[in-house]
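> no sequence on this one, just coordinates:
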C-alpha cells in the first residue's frame, strides 16, 4: 500500500493497520462512493488485492462498511459518524 504522507510503498504490519488504512481510504476521499474492490487494491499498491479483500471482509463483519453484490463498497453511517466526530 502507499503511505499517504511519503508516497512510498509500504506493507501493513498487522491486520488492524490494513483494516484502518482501507477504512481511512474510503472515508478520506469525501463523497467518492462507491469504491470498487479493484480501486481500493490500486490505491494500496501492487499485489494488494488479497490484503484489501481480507480487510473488506473484516470491516463488513464489524459493521463499518456495506458491500453490494457487485463488490461496490460504501462506509456505514456509523463509520462516517465516527470519522466526523473523532475517536
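Perfect, I can see it now. What you see is a predicted model, and the numbers here were worked out from it, not measured in a lab.
> and for stretch 65-81, what are the contacting residues?
By CB atoms under 8 Å, 6 or more residues apart in numbering, the list of residues contacting stretch 65-81 from outside reads 23, 26-27, 33-37, 40, 56, 59-60, 63-64, 83. (C-beta placed from N, C-alpha, C; glycine too.)
> Now do residue 51 against residue 43, distance only.
12 Å (CB to CB, to the nearest Å).
> nope, residue 74 is what I meant
Counting by CB to CB, the gap from residue 74 to residue 43 is 16 Å.
> what about the two, which has more around it?
residue 43 (19 against 15; other CB atoms under 10 Å).
> Identify the nearest residue to that one in space, disregarding sequence-adjacent positions?
Nearest non-adjacent residue to residue 43, counting by CB to CB, 6 or more residues apart in numbering: residue 25, 5.4 Å away.
> is it true that the one you found lies in a helix?
Yes. According to DSSP: H, G, I helix; E, B strand; the rest coil, the state of residue 25 is that of a helix.
> that older thread, which ones among the contacts of stretch 65-81 lie within strands?
Using DSSP state E, 35-36 are the members of these that sit in strands.
> Residue 24: what's it in contact with?
No contacts exist for residue 24 under CB under 8 Å, 6+ apart.
> how much space is there between it and residue 70?
Distance from residue 24 to residue 70, by CB to CB: 24 Å.
> just residue 64 next, same as before
20 Å.
> what's the answer for residue 47, then?
Counting by CB to CB - residue 47 and residue 70 are separated by 23 Å.
> and if you look at residue 46?
Taking CB to CB, one finds residue 46 at 24 Å from residue 70.
> what's the answer for residue 80, then?
22 Å.
> Can you pull out the low-pLDDT segments for the chain?
Applying pLDDT under 70 to the chain picks out residues 1-13, 29-31, 87.
> Quick test: name the residue nearest the centre of it.
Ranked by distance to the mean C-alpha position of the chain (CA atoms, centre = their mean), the top residue is residue 22 at 2.0 Å.
> and that one, what is it in contact with?
40, 44, 52, 55-56, 59.
> Dump these into TSV; add neighbour count as well.
Output for these, formatted as TSV (neighbours: other CB atoms under 10 Å):
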residue	neighbour count
40	23
44	23
52	25
55	26
56	23
59	23
